[in-house]
Every structure is written in structure tokens, then in C-alpha cells.
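K.L.:
The following comprises the amino acid sequence and a computationally predicted model.
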Amino acid sequence: MDADESLPAPREPDPNTPVCPTGLVLTAVAESPLDERAPWLERYEIVDALAIPGTETPLYLTVSGLAITTTGIGKSDAATTVTALLASPRVDLDSAYIVSSGIAGSAPETTALGSVAIADAVVDWDRKHRWDRRTTSDTETVPASGSESTPIDLLAYRPRDYVHHLEPSVVDCALTTAERVELSADDAVRDYQNQYPTAADAGPSIERGTTVCGDEFWHGPQYAREVEWLCEAYDVAPYVTTQMEDAATATALERFDLRERYLSVRAVANYDRPAPGQSVEESFDGNPSTLELAIDNAARVGSAVIEALVATDPLAIGDSEK
């Protein structure tokens, strides 16, 4: 649990009187240098903190009725945290909009570093076949099957496509709001971006499109082509961002019939391949300036979006009976 003395100490809530936030904000990380949560806690007046079994960090409550917590990195941590919140008698999310906010990767030709993407589809990158079609022994060649241009295929046992299509009215509300937000820019980030010949000669922008979620820390043009192939197979190409939690969050919410009020707001912190002259290791995390800019812009847009969703209530969930 957190030890920040400026924040309320976590308490055990009474299950007979659950808290009922109007919005839930999910960041992945609360540790430097990837602290996605810090700008959220700085932006709002925090009045309470709850210790919820099954979560790693407290659920912080704002004076305006929002709840903020971290899920941890990756799909298993995200699914565990979100399910713990949904199943807890101490928290009632029946009238809450849920927003994931944090950093992401992108392709250099897609958008500028620091740009913020509102997802309308979330692809699960891990639900696929990966084939080694080279040899079964030193001499025997395996016949090609499926796509010969990629080592991956759609999962054969597929009761459904592993894509979450997010509620259009929620996405539209978020996009309208996001386009009114003034994004931060940074000269050092622009200099780093200029190392990529295919990157846009522009500052951060607001985007809409597919986000791809996976537990694999992949990096480089070969794997980016595979990600694009999977999105094309699901008819949601091109992908705009890549991250590690949102498919798990959407799945947990779907199981509790709450996915329609879910939204992913991700800011681009790095490109998914090296610039000329870089190694994949050197380019994987971007640099401190790109991380700082993305974390700031994700919170700028995410806070405006969650406030707009709560205020306008496009799904009229505030009117539903308990």
C-alpha cells in the first residue's frame, strides 16, 4: 500500500455502506519513472482512501465523487484488480463510468509523440496462433499453412473474435471533449521524434482508433507488421496505440455487464520500433521527456473525458434504479 503522508491513510470500508463513485479512473503504474497516477492525485482533492481486498494500491476518492487507483502492469494484474473492485461489497460501480488512462506505444507514421488516442476497439494480442514453420528437424521442412507472410494466425478455437468494440456514444462523447483539451508539447520530444524519418512533422494531436493489448514486451518492425496483420484480420486496422492492460479490463467489465461504460485514453510515450541508428533496447522506452509528456497529456485528456462523461451521462446510467 502507499506510504505518501500527504494522502489519507487507507481505511477498511463498511460493506453495508459501499462507496458509489460516479467515475473510476484506472492507471497501471504508481512508481517513477512511469507514475501515471501522480498527475491524477495532484489534479483532484483527495478526501478518502479505501483498502479493497484483491487490489495492490488504495482506491482514492475525490471530493467530486471520482475514484482513482492503479491496476498494475499487464493483463493478469489488470483483470485481478478490476474484478476485485467489481466483486467487492465495499464498492458500488453501478452508476460509474470507467476510464483507463496511461501511456502507450504507437507506430511513427501514425501520430506524434505525446498524442492522445481514444480507443473505439480493443484487440487482445495474445489470443492467436504463433507458428514456427521453418523445420521440425534439421532436414524436414514443414509445409506452410495459413498466411505465408506472417508466423501468426487467428486462433482456430475462437468462439468470438478477441476484439472489444467500445460503446460508440461513449467514444463520441470522449472524442468531442478531448478535441477541446489543450495538449502539452515539448521541444526535446520533438527533437527525439525527428529521428524517425516517417514520423509526422507535427506536435501532439487527438486520435481515435484501435488499441492493441498484450502481455508481450514486443518491439521492432517485424512484430509491428504482425500486429497490423491481426488488426486487419479482425477488420479494425490500423492500430493507433499498443498497451498491456485494456483487453483484460474490458473483459472483466464485460463479465459484469458494465463494458458499455468503459473507455481507454492512452498517450503515446514511445514508438514501437527503433529510429535509424538505434538498437531496439535503446528505443524501447522512448526517453524521460517522451514519458513525462505522455503521462501529462493522458491525465489532461483523461480528466476532461471522465468529467464530461459524468456530467453528460450519455448512457443515462445515473438514472438507473439500484
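P.N.:
In hand now; what should we look at? Numbers count the residues shown, from 1 in each chain.

K.L.:
End to end on stretch 159-169, go ahead and measure it.
P.N.:
Counting by Cα to Cα, to the nearest Å, the length from the leading to the trailing residue of stretch 159-169 is 27 Å.

K.L.:
Is it correct that residue 305 is in contact with residue 180?
P.N.:
No: using Cβ atoms under 8 Å, residue 305 is not in contact with residue 180, being 10.4 Å away. Glycine gets a C-beta too; all of them are placed from N, C-alpha and C.

K.L.:
So which of these two has more stuff around it?
P.N.:
In this view residue 305 and residue 180 are compared by other Cβ atoms under 10 Å, and residue 305 has more residues nearby, 27 against 10.

K.L.:
Got the phi and psi for that one?
P.N.:
phi -70, psi -50 (degrees, to the nearest 10).

K.L.:
give the contact list for the most centrally placed residue in the chain.
P.N.:
The residue lying closest to the centre of the chain (Cα atoms, centre = their mean) is residue 246, at 4.8 Å. Residues near residue 246 by Cβ atoms under 8 Å, 6 or more residues apart in numbering: 78, 100, 119, 122, 211, 213, 264, 266.

K.L.:
Please work out how many residues are found near the second one.
P.N.:
The reference is to residue 100. Residue 100: 29 neighbours (other Cβ under 10 Å).

K.L.:
mind checking pLDDT for it?
P.N.:
Per-residue confidence (pLDDT) for residue 100: 98.

K.L.:
so what's residue 319 closest to, chain neighbours aside?
P.N.:
Nearest residue to residue 319 in three dimensions, chain neighbours excluded: residue 313, at 7.6 Å (Cβ to Cβ, 6 or more residues apart in numbering).

K.L.:
now swap in residue 282 and tell me
P.N.:
residue 274 is the one closest to residue 282 (Cβ to Cβ, 6+ apart), at 6.7 Å.

K.L.:
name the element the one you found belongs to?
P.N.:
Using DSSP states H and E, residue 274 sits in no helix or strand.

K.L.:
same deal with residue 83?
P.N.:
Using DSSP H and E, residue 83 sits in helix 75-87.

K.L.:
ditto for residue 112
P.N.:
Here residue 112 is assigned to no helix or strand, by DSSP H and E.

K.L.:
how close does it get to residue 225?
P.N.:
For residue 112, the distance to residue 225 (Cβ to Cβ, to the nearest Å) stands at 22 Å.

K.L.:
Compare these two (neighbour count), which wins?
P.N.:
Under the criterion of other Cβ under 10 Å, the comparison of residue 112 against residue 225 puts residue 112 first, with 21 against 13.

K.L.:
any idea how far residue 67 is from residue 169?
P.N.:
Separation of residue 67 from residue 169 (Cβ to Cβ) stands at 22 Å.

K.L.:
and these two? which has more neighbours close in?
P.N.:
The neighbour count for residue 67 versus residue 169, taken as other Cβ under 10 Å, is higher for residue 67 (25 against 12).

K.L.:
Touching, the more buried one and residue 61? I think so.
P.N.:
Yes: counting by Cβ under 8 Å, residue 61 is a contact partner of residue 67 at 5.6 Å.

K.L.:
now stretch 227-237, how far from the centre of its chain.
P.N.:
Relative to the centre of its chain, stretch 227-237 is centred 18 Å away, using Cα atoms, centre = their mean, to the nearest Å.

K.L.:
buried residues in it?
P.N.:
Neighbour counts over stretch 227-237 (16 or more other Cβ atoms under 10 Å) mark 227-231, 233-234, 236-237 as buried.

K.L.:
can you check stretch 312-322 too?
P.N.:
Neighbour-count burial for stretch 312-322 flags 313-315, 317 (criterion: 16+ other Cβ under 10 Å).

K.L.:
One more: stretch 104-111?
P.N.:
Using 16+ other Cβ under 10 Å as the burial criterion, the residues of stretch 104-111 that qualify are 104-108, 110-111.
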